[in-house]
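**Q** Give the three-dimensional model of this entry:
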Amino acid sequence: MRSADAPRRVVILGPTASGKSAVAMHVAAMRNDVDIVAVDAMQVYRHMNIGTAKPTTEDRSRVPHHCLDLVEPTERFTATQFQTAAARALDVIHAAGRSALLVGGTGLYLTAVIDELVFPGEWPEIRAELEADLDTLGLYRRLAELDPPAAERIDPNNRRRIVRALEVCLGSGGRFSDSGPGTATFPENGVVQIGIRWSRDELSQRIAARVDQMIAEGLVDEVRALLSLDPPLSRTAAQALGYKEMIDHLAGRVPLSVARDEIVLRTTQFAVRQERWYRRDPRIRWLDVTGGDPLRLVTPAVVAAFGE
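**A** All right, here's what the predicted structure looks like:
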């Protein structure tokens, strides 16, 4: 946990396209003593810039950013690895006498960092067998039999989490849900968390606008370049929002307009799951910004949090 003399750690979180990155940049520029820690499962991959809405080169030159571009998109990357990388980044920020502003998009990664989760072991051979089984629903049913509490907390479409839970159940002989206090507890950790909340309709409009902007900025070409990599994209990278749909488009399976609509739909569904994850945490201070400007409405609260 945070030592008494450590600089304040503040989290700005919310669903995709909520404006949290813009708020973070605004706060960091105002204070001039804040580093940004990106907590995003896809921004860890190099070369995946447009589709992950990664901070621009200009933003990164103005404010120190951490936990971006950690691995090649051909590599597997886990929450445990992210936890280690983030802890290292926070130590660097602390040593420099600066404060950390964590920008939370991936709920599990954020919880792993601020609550110092202890993760169960890994069983690569079992995982490989599970990944070879393409029947995601069948895997979910299997998990529901072995570990009902875990199945209740995992989305039936979240293949990666289902495989991981089954890997632990089969490898350890126990239940994934029994591996430590996990994500269902919310201890006092000294971290201030501020959430941005939009109405569902307005957030959907923002998501659609963002997807159109990504396509205009060259998302298709970015994915085309990624497909030329050898070895190929990791399973996780290839299934990322925006990338899976563009891979289908480049393979000739769907026209660009259909791929665009699929990205908007899947991203909107993902935003709902993000909100559902965060709503469980009673420590989060939610700020409603519907119809307003998140910079004006959220920035003062984040700035004030550093002084608490």
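
**Q** make it CA atoms for all contacts and neighbour counts henceforth
**A** OK.

**Q** residues contacting the closest residue to R197 other than its chain neighbours?
**A** The shortest distance from R197 to any non-neighbouring residue, by C-alpha to C-alpha, 6 or more residues apart in numbering, is to D288 (4.8 Å). Shown in contact with D288 (C-alpha atoms under 8 Å, 6 or more residues apart in numbering): I196, R197, W198.

**Q** Could you give me the PyMOL syntax to select whichever of the residues you listed are buried?
**A** In PyMOL, this line selects whichever of the contacts of D288 come out buried by 16 or more other C-alpha atoms under 10 Å:
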select buried, resi 196+197+198
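
**Q** Tell me which of the contacts of D288 fall in helices.
**A** Of these, none are assigned to helices by DSSP state H.

**Q** Give me the phi and psi angles of H66.
**A** When read as degrees, to the nearest 10, the backbone of H66 gives phi -130, psi 160.

**Q** Okay, and the beta partners of it?
**A** Per DSSP bridges, residues listed as beta-bridge partners of H66: V37.

**Q** Residue nearest the middle of this structure, spatially speaking?
**A** Centroid-nearest residue in the chain, with C-alpha atoms, centre = their mean: T106, separated by 2.3 Å.

**Q** hang on, isn't it packed against D40?
**A** Yes. The pair T106 / D40 is scored as a contact, 5.1 Å apart, by C-alpha atoms under 8 Å.

**Q** ranges for the strands of the stretch 1-150 of the chain?
**A** 9-13, 34-39, 65-66, 99-104 (DSSP state E, counting those that start in this stretch).

**Q** Name the nearest residue to D248, sequence neighbours excluded.
**A** Using C-alpha to C-alpha, 6+ apart, the nearest residue to D248 is V254, at 6.2 Å.

**Q** burial count for the one you found?
**A** A count of neighbours around V254, defined by other C-alpha atoms under 10 Å, yields 15.

**Q** wait, it sits on K244?
**A** No. The pair V254 / K244 is not scored as a contact, 11.5 Å apart, by C-alpha under 8 Å.

**Q** Provide the count of other residues in contact range of A305.
**A** The tally of other residues near A305 (other C-alpha under 10 Å) stands at 17.

**Q** for N157, that is, sorry about that
**A** N157: 11 neighbours (other C-alpha under 10 Å).

**Q** dump the residue contacts of the closest residue to T290 other than its chain neighbours.
**A** Excluding the flanking residues, the one nearest T290 by C-alpha to C-alpha, 6+ apart is W198, at 4.9 Å. For W198, the contact set (C-alpha under 8 Å, 6+ apart) comprises S18, D288, V289, T290.

**Q** top of these by neighbour count?
**A** Most surrounded of those: other C-alpha under 10 Å gives S18, at 23 neighbours.

**Q** Who are the contact partners of that residue?
**A** S18 touches I196, R197, W198, L203, R206, counting by C-alpha under 8 Å, 6+ apart.

**Q** if I look at it, how far off is D261?
**A** To D261, S18 is 19 Å away according to C-alpha to C-alpha, to the nearest Å.

**Q** Can you give the domain ranges for the protein?
**A** Domain ranges of the chain: 9-117+191-305, 124-179, per automatic domain parsing.

**Q** and the last one, how far out from the chain's middle?
**A** By that I understand domain 124-179. 20 Å (C-alpha atoms, centre = their mean, to the nearest Å).

**Q** Now it: average pLDDT?
**A** Domain 124-179 shows an average pLDDT of 91 in the prediction.

**Q** Lovely, talk soon.
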